[in-house]
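S.K.: Need the 3D shape of this:
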Amino acid sequence: MTNTKTIKKAFERIRTLVKKKPEIGQKTVSTNVRLKEGTTCEVVHKDWTFKVDIGQSEGGNNAGPGPGLLQRGALGGCLAIGYVQQAAVMGVPINHIEVEIEADKDLQGRFGINNSSPGSLQIRYNIKIESPASEEDIHKVVEEADRFSPVLDDFRRAVPVERNLEIRKTEQKSKEEHQ
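M.R.: So this is what the prediction gives:
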């Protein structure tokens, strides 16, 4: 289990390394997602494999968390990790961190009923931190961590997204396989 000293040491080691050799921090990361059965997807990244799906009420297999949940989890996880890292670097004691992500939706956009966005209309994050430190120190931790949060940055600015499509001709599946 990691502790404040380990987190601070790792953070500063990586920061020093990237400062000395910026090319080490400039890379493309990739995650592979394959549709396996119906709506169930398998996500593979390094040593981790997990499923993503939609619920049965949406026609899915409910074999794993949905993409929207993972999106909110990614934001909340990145923020919570950033707060504990920044607190360790700044020497601010933290006893508990909790981040709640709220996303406003209008499913009319998702199903093409009106011109609403199919994605979230607004996202909010609510942070709860328990600490013996001063409120001023906690605000500094949060401000600094938010400033350098990679996932929060992806949410806040329009990141260019490029689509590449490769189509391979195959035999048509029988009607039974489609049902």
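S.K.: what mean pLDDT does the longest helix along the chain have?
M.R.: In the chain, ranked by residue count with DSSP state H as the criterion, the top helix is helix 67-90. Model confidence over helix 67-90 averages 97 on the pLDDT scale.
S.K.: Give me the contact list for that helix.
M.R.: Helix 67-90 is contacted by residues 4-5, 7-8, 11-12, 52, 54, 65, 92-94, 97-101, 103, 120, 123, 125, 127, 129, 131, 137, 140-142, 144-146, 148-152, 155 when judged by Cβ atoms under 8 Å, 6 or more residues apart in numbering. From N, CA and C alone the C-beta is placed, and that goes for glycine too.
S.K.: List the buried residues in that helix.
M.R.: Across helix 67-90, burial judged by 16 or more other Cβ atoms under 10 Å covers 71-72, 75-76, 78-89.
S.K.: Please apply the same query to stretch 151-167.
M.R.: Val151, Leu152, Phe155.
S.K.: wait, the last one sits on Ile123?
M.R.: Yes: using Cβ atoms under 8 Å, Phe155 makes contact with Ile123 at a distance of 6.5 Å.
S.K.: Tell me how many other residues surround Ile129.
M.R.: 21 (other Cβ atoms under 10 Å).
S.K.: ok, it to Thr31 distance?
M.R.: Between Ile129 and Thr31 the distance is 30 Å, computed by Cβ to Cβ, to the nearest Å.
S.K.: same thing with Asp146?
M.R.: 24 Å.
S.K.: next one: Tyr125
M.R.: Tyr125 sits 23 Å away from Thr31, taking Cβ to Cβ as the criterion.
S.K.: ok, now Glu102?
M.R.: Glu102 is 25 Å from Thr31, by Cβ to Cβ.
S.K.: Over to Val159?
M.R.: 15 Å.
S.K.: same check, this time on Lys51
M.R.: 14 Å.
S.K.: Need the residues touching each of these two.
M.R.: Val43.
S.K.: ok, those two, which is more surrounded?
M.R.: Lys51 (15 against 9).
S.K.: Ignoring the adjacent residues along the chain, who's closest to the more buried one?
M.R.: Nearest non-adjacent residue to Lys51, counting by Cβ to Cβ, 6 or more residues apart in numbering: Gly64, 3.3 Å away.
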